[in-house]
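1. Got a sequence here, can you build the structure:
(one chain, ligands or ions: 1)
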Amino acid sequence: MLALRDVACLRGDRLLFERLTLTVAPGEALVVTGPNGVGKSSLLRIAAGLLRPSAGTVERDGRVAWLGEATALDTDRTLGEALGFWAKLDGTHPEAAMEAMGIAHIARVPVRYLSTGQRRRAAIARTIASGAALWLLDEPANGLDAEGVDRLGEAIRAHRNAGGAVVTATHLPLPVDDAANLVLDGILA
Ligand SMILES: Nc1ncnc2c1ncn2[C@@H]1O[C@H](COP(=O)(O)OP(=O)(O)OP(=O)(O)O)[C@@H](O)[C@H]1O
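-> Model prediction:
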């Protein structure tokens, strides 16, 4: 589903990593950790096709869902409308995803009134409802309470069971079973 071969990442004049080779198959999860600024987000951006590697190749099958810092939901719409807008573009429905993230009861609340954790749950619901096979999650647990983290873990499990794959960068422990771990420590560079 995702294959990086001999990938290098240069940002500014700094080589963050090089000769990075990895594959993520359907049903698999890769958890990327490492200190601030080491290049985790850059790696996810390369995987998403948002950033060109300075060397190496990237292959992807199927559609990709990107979860970054921004919620990317229209703040003037209600949560249900905002998620429905994206789901319609993706040819899906947001209701089950809202249930999965425990936010169905606030579907009529405008996005601008949502708390930090509610916005994060909404962004994860958008990922779930995207129908994309490969989820690229940059710090998905930021702002979530313990129950939200459990729901995120359950969503990842369900996605993998359905043949999807997940790559996530995180500083917080995530309940993801049988994940491959990649520690970026700058020594590669
Ligand atoms: N557009 C850019 N141009 C130049 N350097 C950049 C650019 N964007 C990021 N960087 C640098 O690349 C390095 C890696 O950034 P990145 O966001 O990938 O790190 P990270 O491991 O995700 O960090 P964190 O744990 O803080 O989220 C940092 O030193 C950052 O300053």
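
2. show me what contacts residue 21?
-> Applying Cβ atoms under 8 Å, 6 or more residues apart in numbering, we find residue 21 in contact with 4, 5, 6, 7, 56. For the C-beta atoms, the positions are set from N, CA and C on the backbone; glycine is no exception.

3. if we go to 7 Å?
-> 4, 5, 6 (Cβ atoms under 7 Å, 6 or more residues apart in numbering).

4. If you rank those by neighbours, which is first?
-> residue 4 (20 neighbours; other Cβ atoms under 10 Å).

5. Now the phi/psi pair for that residue, please.
-> phi -110, psi 130 (degrees, to the nearest 10).

6. Now for the closest residue in space to residue 54 that isn't next to it in sequence, which secondary structure element holds it?
-> Nearest non-adjacent residue to residue 54, counting by Cβ to Cβ, 6 or more residues apart in numbering: residue 10, 4.1 Å away. Using DSSP states H and E, residue 10 sits in strand 2-11.

7. Does stretch 154-167 reach the ligand?
-> No. Shown here: stretch 154-167 not in contact with the ligand (Cβ under 6 Å from any ligand atom), separated by at least 12.7 Å.

8. All further residue positions should be reported with the first residue as 36.
-> In the new numbering, first residue 36, that becomes stretch 189-202.

9. tell me which residues in that stretch are buried?
-> 190, 191, 192, 194, 195, 199, 200, 201, 202 (16 or more other Cβ atoms under 10 Å).

10. What is the end-to-end distance of that stretch?
-> 15 Å (Cα to Cα, to the nearest Å).

11. what residues does the strand holding residue 45 touch?
-> Against strand 37-46 from outside (Cβ under 7 Å, 6+ apart): 50-59, 74, 77-78, 81-82, 88-95, 169, 200, 202.

12. Run through this structure and note the low-pLDDT ranges.
-> Across the chain, residues meeting the criterion (pLDDT under 70) sit at 222-224.

13. near the ligand, which residues of it show up?
-> 46, 47, 51, 69, 71, 72, 73, 74, 75, 76, 77, 204.

14. Please repeat the previous calculation with a cut-off of 5 Å.
-> 46, 47, 71, 72, 73, 74, 75, 76, 77 (Cβ under 5 Å from any ligand atom).

15. What ranges does the protein have for its strands?
-> Assigned strands in the chain, in chain order: 37-46, 49-59, 64-68, 90-95, 99-102, 169-173, 200-204, 215-218 (criterion: DSSP state E).

16. CA atoms only: put the longest one into PDB for me.
-> The reference is to strand 49-59. What follows is strand 49-59, C-alpha atoms only, in PDB (Å, rounded to 0.1, in the frame of the first residue of the first chain):
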ATOM      1  CA  ARG A  49      19.600  20.100   6.800                       C
ATOM      2  CA  LEU A  50      19.600  16.400   5.900                       C
ATOM      3  CA  LEU A  51      16.900  14.900   8.200                       C
ATOM      4  CA  PHE A  52      17.300  11.300   7.100                       C
ATOM      5  CA  GLU A  53      18.500   9.300   4.100                       C
ATOM      6  CA  ARG A  54      18.500   5.700   2.800                       C
ATOM      7  CA  LEU A  55      15.100   5.100   4.500                       C
ATOM      8  CA  THR A  56      13.300   2.100   3.100                       C
ATOM      9  CA  LEU A  57      10.000   0.800   4.400                       C
ATOM     10  CA  THR A  58       6.800  -0.800   3.300                       C
ATOM     11  CA  VAL A  59       3.300  -0.800   4.800                       C
END
